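Colleague: task: produce atomic coordinates for the following.
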Amino acid sequence: MTNKQTFFKTSLISKQCPCCRRKFIPRTRNQKYCSSKKCQIKRKRFNRRTWRRNPENQKFIRAQQRRWRRNHPGYMNIWREEHPKSVSHNCKQTKVRMRRKRRSELFEKSNSSILQAIGNKGDVFINLHATFILMRLKRGHSLSKAWRSRYACQRIRSGPVRLPQGRLYKVAGPL
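Modeller: Below is the predicted model of the structure:
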């Protein structure tokens with residue numbers, strides 16, 4: 001060990017590894033993770049993830065993928081023929097994913113329409129995964145009778161009925 005290395009090692013205070021929480025003496029000033037295999041794998045994974053999030057790098061990755069696909073035409077057709085189980089699994093997963101996407105769009109649409117209908121007269125508690133929507137009125141509202149109804153398919157009628165404020169009411173049935 002040279003004088004420079006010994007001076008550097010003795011002058012540094014030990015650091016704590018963010019992965020395994022053990023104390024270690026860093027070899028350089030910038031070292032954050034200890035040298036254990038598990039911690040180095042975690043560090044590399046984190047660096048790769050942050051690198052991929054950069055928009056400039058995403059453009060580079062897409063261009064690289066396009067170039068590879070252009071140089072290997074017909075690869076995906078051959079792969080699909082060789083892996084029919086994966087293709088059917090992907091098809092099922094796509095159906096589930098699209099169903100979830102459509103449901104969230106319907107959720108956003110119903111959320112905004114309810115907020116427009118009640119204005120600033122109440123709080124709406126909507127859970128995407130639940131099959132119903134809850135609403136708490138700040139004060140009585142002209143649509144209270146309609147919102148109290150059990151099914152969303154019933155016609156909305158305004159009337160003089162006022163519901164007590166601060167309670168939760170079921171305002172929509174299954175989506």
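Colleague: so for stretch 42-52, what gets flagged as buried?
Modeller: 42-43 (16 or more other C-beta atoms under 10 Å). Heads up, the C-betas are built off the backbone N, CA and C, glycines and all.
Colleague: what average pLDDT does that stretch get?
Modeller: Stretch 42-52 carries an average pLDDT of 95.
Colleague: contacts for it, please.
Modeller: Contacts with stretch 42-52, where a contact means C-beta atoms under 8 Å, 6 or more residues apart in numbering, come from 19, 32-33, 57-58, 61.
Colleague: mind listing the helices for the protein?
Modeller: Counting by DSSP state H, the chain has helices at residues 3-11, 37-53, 55-71, 75-82, 84-118, 144-148.
Colleague: and the third one with helix 37-53, angle?
Modeller: Note on geometry: by axes from the mean of the first three to the mean of the last three C-alpha atoms, to 10 degrees, helix 55-71 and helix 37-53 are set 90 degrees apart in direction.
Colleague: can I get the helices of the chain in JSON lines with distance to residue 23?
Modeller: Shown next, in JSON lines, are the helices of the chain (distance: least, C-beta to C-beta, whole Å):
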{"stretch": "helix 3-11", "distance to residue 23": "14"}
{"stretch": "helix 37-53", "distance to residue 23": "13"}
{"stretch": "helix 55-71", "distance to residue 23": "34"}
{"stretch": "helix 75-82", "distance to residue 23": "48"}
{"stretch": "helix 84-118", "distance to residue 23": "44"}
{"stretch": "helix 144-148", "distance to residue 23": "60"}
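Colleague: any idea which of these gets closest to residue 25?
Modeller: Ranking the helices of the chain by proximity to residue 25 (C-beta to C-beta) places helix 3-11 first, at 6.2 Å.
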